[in-house]
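K.L.:
got a predicted structure plus its sequence, pasted below:
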Amino acid sequence: MTFQVYDTTLRDGAQREGISYSVVDKLAVAKLLDEFGVGFIEGGWPGAMPKDTEFFARARSELPLKHAVLVAFGATRKAGIAVADDPQVRALLDAETAAVCLVAKSDIRHVERALRTDGKENLAMVHDSVAHFVAEGRRVFLDCEHFFDGYRHDPAYTASVVSTALEAGAEVVVMCDTNGGMLPSRVTAAIGELVERLGVGPERLGIHCQNDTSCAVANTIAAVEAGVKHFQCTANGYGERPGNADLFAVVANLQLKLGLPVLPDGCLEQTVRVSHAVAEIANIAPTPTRLTSGRGIRSQGGAARERDQSGPGAVQPH
Ligand SMILES: CC(=O)SCCNC(=O)CCNC(=O)[C@H](O)C(C)(C)COP(=O)(O)OP(=O)(O)OC[C@H]1O[C@@H](n2cnc3c(N)ncnc32)[C@H](O)[C@@H]1OP(=O)(O)O
Ligand SMILES: CC(=O)C(=O)O
């Protein structure tokens, strides 16, 4: 299985306070992400946001993609109703994307307190929803919200959400660090334990890290080093609260330091252009101290002087 670079700039990234894309903005951002060579673009939540419903309708004729598969995001069916009767499920199908990503509760405390149902019904919601979209010919990814908190609290229950989704036909089940509280060593340990518990390869798992404790990029890289092939990020790390793992930082680290071929040839070179163009559309000034801003090493007098004295290649971002 090759790497799945999964971008959620237009869904999770758009949950950042202050970002409000028009449909035209969303089409332009999607085009840029495709030029950057991501494999999947999560375009939004059709049915929950009228703009997202319109985006998917227009994308069918206005968004030719070279590299990426467009993904519609939604949730598993509501508790207590048949999957085919859930209007949110219908709206996801109506988006006519080749792939869908469903968020599911995977922490039993959230099942009981937020969804106000029980663990058994939540597993049925996951099973029915995944099986329904697979039967409708969709590739299905399942986002396990609060995966790591849930796994620490009740590993057997959280693992059962993962196995239920895989048995129902999900291509990849994504472990979300929804609170952004993980550390790389803990990500590595949790993946090792889960893989052993379920007897599945790590390539059936994905990773999605929020950045509340500034570890999202490191946590994502740790997951990939543990064998995960599917990783979810956003351009410039946009997202709710402090954001998500930054797509550009994750990809550059994996490709340049670990030598992993995560993007098609020639795409990594688009980093600065795409980063700045997305920032322009989001109306957020690029952070000048970021390496991906295109100003990082060049603007550091000390490092630049050292490079001049030591010859080309002496100062590297490693
Ligand atoms: C961590 C994430 O980023 S996940 C995505 C979060 N973003 C959103 O939820 C924004 C878009 N969603 C919405 O506007 C609404 O959830 C709707 C329109 C889709 C559904 O609205 P309602 O039918 O009124 O459901 P309601 O809002 O009561 O749901 C309560 C909570 O359970 C979640 N939820 C509802 N059904 C499910 C489900 N089957 N599986 C997982 N979570 C669910 C909702 O997203 C909401 O979570 P929140 O409190 O963290 O926002
Ligand atoms: C689904 C998602 O974005 C999260 O749990 O963080």
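P.N.:
Okay, I see it. The structure displayed is predicted, hence computed values, not measured ones. Residues are numbered from 1 along each chain as shown. Ligands and ions are numbered 1, 2, ... in the order given.

K.L.:
for the stretch 151-300 of the chain, what lies in contact range of ligand 2?
P.N.:
By CB under 6 Å from any ligand atom, the part of the stretch 151-300 of the chain that sits against ligand 2 consists of 176, 178, 208, 210. C-beta here means a position set from N, CA and C on the backbone, and glycine is covered the same way.

K.L.:
quick one: residues contacting the first one.
P.N.:
In this case it means residue 176. Neighbouring residues of residue 176 by CB atoms under 8 Å, 6 or more residues apart in numbering: 143, 144, 145, 146, 147, 148, 208, 209, 210.

K.L.:
want to throw the residues you listed into a markdown table with pLDDT and distance to residue 282?
P.N.:
What follows is these, written out as a markdown table (pLDDT from 0 to 100; distance: CB to CB, whole Å):
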| residue | pLDDT | distance to residue 282 |
| --- | --- | --- |
| 143 | 98 | 22 |
| 144 | 98 | 28 |
| 145 | 98 | 24 |
| 146 | 98 | 27 |
| 147 | 98 | 28 |
| 148 | 98 | 28 |
| 208 | 98 | 20 |
| 209 | 98 | 20 |
| 210 | 98 | 18 |
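
K.L.:
closest one of those to ligand 1?
P.N.:
Closest approach to ligand 1 among those (CB to the nearest ligand atom): residue 145, at 5.1 Å.

K.L.:
so the closest one sits right up against residue 106, yeah?
P.N.:
Yes. With contact defined as CB atoms under 8 Å, residue 145 and residue 106 form a contacting pair (6.2 Å).

K.L.:
which one of the residues of the stretch 151-300 of the chain next to ligand 2 has the most neighbours?
P.N.:
Counting neighbours by other CB atoms under 10 Å, the top entry in these is residue 208, with 31 neighbours.

K.L.:
so is stretch 26-43 next to ligand 1?
P.N.:
No. Stretch 26-43 does not reach ligand 1 (CB under 6 Å from any ligand atom); its nearest approach is 10.7 Å.

K.L.:
also stretch 201-211?
P.N.:
No. Judged by CB under 6 Å from any ligand atom, stretch 201-211 and ligand 1 are separated, with a smallest distance of 8.1 Å.

K.L.:
got the CA coordinates for that stretch in PDB?
P.N.:
This file holds the C-alpha atoms of stretch 201-211, laid out as PDB (Å, rounded to 0.1, in the frame of the first residue of the first chain):
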ATOM      1  CA  GLY A 201      -1.400  -4.500   9.900                       C
ATOM      2  CA  PRO A 202      -0.700  -0.800  10.800                       C
ATOM      3  CA  GLU A 203      -1.400   0.100   7.200                       C
ATOM      4  CA  ARG A 204      -5.200  -0.400   8.000                       C
ATOM      5  CA  LEU A 205      -4.800   2.500  10.500                       C
ATOM      6  CA  GLY A 206      -4.600   6.200   9.900                       C
ATOM      7  CA  ILE A 207      -3.600   9.200  12.100                       C
ATOM      8  CA  HIS A 208      -5.100  12.600  12.600                       C
ATOM      9  CA  CYS A 209      -3.500  14.900  15.200                       C
ATOM     10  CA  GLN A 210      -4.600  18.200  16.600                       C
ATOM     11  CA  ASN A 211      -1.900  20.500  17.800                       C
END
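
K.L.:
which of the residues in it are buried?
P.N.:
Buried residues in stretch 201-211, counted by 16 or more other CB atoms under 10 Å: 202, 203, 204, 205, 206, 207, 208, 209, 210, 211.

K.L.:
the last one contacts residue 178, doesn't it?
P.N.:
Okay, so that is residue 211. No. The criterion here is CB under 8 Å, and residue 211 misses it with residue 178 at 11.5 Å.

K.L.:
residue ranges in the protein under the pLDDT threshold?
P.N.:
289, 291-318 (pLDDT under 70).

K.L.:
now do the helices in it.
P.N.:
With DSSP state H as the criterion, the chain has helices at 23-36, 50-62, 87-94, 108-113, 119-135, 147-153, 155-167, 184-198, 216-225, 247-252, 271-282, 301-310.

K.L.:
could you dump those helices to JSON lines with mean neighbour count?
P.N.:
Shown next, in JSON lines, are those (neighbours: other CB atoms under 10 Å):
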{"stretch": "helix 23-36", "mean neighbour count": "21"}
{"stretch": "helix 50-62", "mean neighbour count": "17"}
{"stretch": "helix 87-94", "mean neighbour count": "18"}
{"stretch": "helix 108-113", "mean neighbour count": "16"}
{"stretch": "helix 119-135", "mean neighbour count": "20"}
{"stretch": "helix 147-153", "mean neighbour count": "21"}
{"stretch": "helix 155-167", "mean neighbour count": "20"}
{"stretch": "helix 184-198", "mean neighbour count": "16"}
{"stretch": "helix 216-225", "mean neighbour count": "24"}
{"stretch": "helix 247-252", "mean neighbour count": "25"}
{"stretch": "helix 271-282", "mean neighbour count": "19"}
{"stretch": "helix 301-310", "mean neighbour count": "11"}
